[in-house]
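Engineer: Kindly generate the corresponding structure for this input.
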Amino acid sequence: MEFKDYYKILEVDKKANAEQIKKSFRKLAQKYHPDKNPNDKTAESKFKDINEAYEVLGDPEKRKKYDNLGSSYNNFRQTGGRSADFNWQDWFDKSQQFRTGGSPGGFGASSSQGRRSSINDFFSNNDSSSDFFEKIFGFASGKKRATKQSQTGEDITAKVELTIEEAYKGCVKPFLVNGKKIEVKLKPGIDNEQILKITGKGKPGTNGGANGNLIINVSIKPHKRLERKGNDLYTTIDVDLYKAILGGIAKITTFAGTISLNIPPESQQGKTLFLKGLGMPLYTDATKKGDLYITLNVQVPQNLSAREKELFTELQALRQNS
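Structural biologist: Down below sits the predicted model:
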């Protein structure tokens, strides 16, 4: 049986305190976790050793026992002894006498037969995958231990569809999670295809592990009049020919209310005007907003009367003679 250096496995100094040991264990367990290293036998073996090492060094009593063994083993090696020749039985006997105050019965004694079991008799588990650990501490580790580690619950994914008005103002939406209804507040300015993470609202963890998260995928329905580009809004309004030529006021409805838009004289078809701060609010700061861009669609009058046609003919002649 080979001696295992648990301090080396956990990459900590022998004088490391409990918090340092725990921190290193969590870092290494995350790095070599089977979920992150599928079908990787080396990572699987490392993960087992890491759990086994923390089972010992994370427990003050087991650590004390392990340090006692390590001291005996190192002294033996330093005096020229080979690892294969180390007398595990002798150390085991002495450690049990130490624990029981030198009582001849000691740990593992049979009162009915008046004898003490040998180390091999006492630890009869034949699982060679953690031979060192089992013979010293008396129960299996490795894969069995790993299954007892706390595990974070799985994430739950949900979808929500909003109108652009809801995205502008913000809203509260209900979700059914683990059989319970919860309400999630969505901030103004939320964008299409944005993903939200609601911490701790996923499936429950196991063995004291944290709950998973609720992952919400947001989609925003198209609007019949508005197009969103970033935080800016774009729309088109119809303007009659006379207002386009002479100028005037057009009433338009925005999320901020109805406003009066000044149409400059001689505005051309497709001319774009913009209103500052009437676009979508910024998701990170709703007090700031994008702009509203308005494209003019000039309407040519139809079903002209004879007099109207006459006047347009006169205007045409004036333009040609000017």
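
Engineer: what about E61, neighbour count?
Structural biologist: 9 (other CB atoms under 10 Å). Every C-beta, even on glycine, is put in place using the N, C-alpha and C of the backbone.

Engineer: Sorry, wrong one. I was asking about Y32.
Structural biologist: Using other CB under 10 Å, Y32 has 20 neighbouring residues.

Engineer: Use 52 as the first number for this chain going forward.
Structural biologist: In the new numbering, first residue 52, that becomes Y83.

Engineer: What separation do you get for it and L362?
Structural biologist: The gap separating Y83 from L362 is 87 Å, by CB to CB, to the nearest Å.

Engineer: H274 now?
Structural biologist: Relative to L362, H274 is positioned 40 Å away (criterion: CB to CB).

Engineer: In the chain, where is pLDDT below threshold?
Structural biologist: Of all residues in the chain, those with pLDDT under 70 make up the ranges 52-53, 121-182, 185-200, 373.

Engineer: just the helices in it please.
Structural biologist: Counting by DSSP state H, the chain has helices at residues 57-60, 69-83, 92-108, 111-129, 139-150, 170-173, 182-188, 193-198, 215-220, 292-297, 357-372.

Engineer: helices or strands next to the third one in the packing?
Structural biologist: It refers to helix 92-108. Other elements packing on helix 92-108 under the criterion 3 or more CB pairs under 8 Å, 6 or more residues apart in numbering; DSSP states H and E are helix 57-60, helix 69-83, helix 111-129, helix 182-188, helix 193-198.

Engineer: Pull it out as PDB, backbone CA atoms only.
Structural biologist: Only the C-alpha atoms of helix 92-108 are listed here, as PDB (Å, rounded to 0.1, in the frame of the first residue of the first chain):
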ATOM      1  CA  LYS A  92     -10.500   9.100 -16.800                       C
ATOM      2  CA  THR A  93      -7.600  11.200 -15.600                       C
ATOM      3  CA  ALA A  94      -9.900  14.000 -14.400                       C
ATOM      4  CA  GLU A  95     -12.200  11.400 -12.800                       C
ATOM      5  CA  SER A  96      -9.300   9.900 -10.900                       C
ATOM      6  CA  LYS A  97      -8.100  13.400  -9.800                       C
ATOM      7  CA  PHE A  98     -11.600  14.300  -8.700                       C
ATOM      8  CA  LYS A  99     -11.800  11.200  -6.600                       C
ATOM      9  CA  ASP A 100      -8.400  11.900  -5.000                       C
ATOM     10  CA  ILE A 101      -9.400  15.500  -4.300                       C
ATOM     11  CA  ASN A 102     -12.600  14.400  -2.500                       C
ATOM     12  CA  GLU A 103     -10.700  11.800  -0.600                       C
ATOM     13  CA  ALA A 104      -8.000  14.300   0.500                       C
ATOM     14  CA  TYR A 105     -10.600  16.800   1.600                       C
ATOM     15  CA  GLU A 106     -12.500  14.100   3.500                       C
ATOM     16  CA  VAL A 107      -9.300  13.800   5.700                       C
ATOM     17  CA  LEU A 108      -7.800  17.300   5.800                       C
END
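
Engineer: which of the residues in it are buried?
Structural biologist: Neighbour-count burial for helix 92-108, with 16 or more other CB atoms under 10 Å as criterion, is recorded at 94-95, 97-108.

Engineer: Let me have those in a markdown table, adding distance to K327 as columns.
Structural biologist: As requested, the buried residues of helix 92-108 are exported to a markdown table (distance: CB to CB, whole Å):
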| residue | distance to K327 |
| --- | --- |
| A94 | 57 |
| E95 | 60 |
| K97 | 59 |
| F98 | 58 |
| K99 | 63 |
| D100 | 64 |
| I101 | 59 |
| N102 | 61 |
| E103 | 65 |
| A104 | 63 |
| Y105 | 60 |
| E106 | 65 |
| V107 | 67 |
| L108 | 64 |
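
Engineer: G259 versus A80, what's the distance?
Structural biologist: Where G259 is concerned, A80 sits at a distance of 15 Å (CB to CB).

Engineer: what do you get for A209?
Structural biologist: Counting by CB to CB - A209 and G259 are separated by 26 Å.

Engineer: Compare the two (neighbour count), which wins?
Structural biologist: Comparing A209 with G259 by other CB under 10 Å, the one with more neighbours is A209, at 17 against 8.

Engineer: wait, the more buried one sits on K224?
Structural biologist: No - distance between A209 and K224: 9.3 Å, which falls outside the contact criterion (CB atoms under 8 Å).

Engineer: beta partners for I303?
Structural biologist: I310 (DSSP bridges).

Engineer: residue contacts, I310?
Structural biologist: I310 is in contact with K302, I303, L326, L329, counting by CB atoms under 8 Å, 6 or more residues apart in numbering.

Engineer: whoops, N264 was the one
Structural biologist: With contacts taken as CB under 8 Å, 6+ apart, N264 has the following neighbours: D206, I207, K248, I249, T250, G251, K252, G253.

Engineer: Which members of those residues are the farthest-apart pair?
Structural biologist: Farthest apart among these by CB to CB are I207 and T250. That separation is 12.1 Å.

Engineer: roughly how far apart are the spatially most distant residue from the centre of the chain and L366?
Structural biologist: Residue farthest from the centre of the chain, counting by CA atoms, centre = their mean, is N372 at 73.8 Å. For N372, the distance to L366 under the criterion CB to CB works out to 11 Å.
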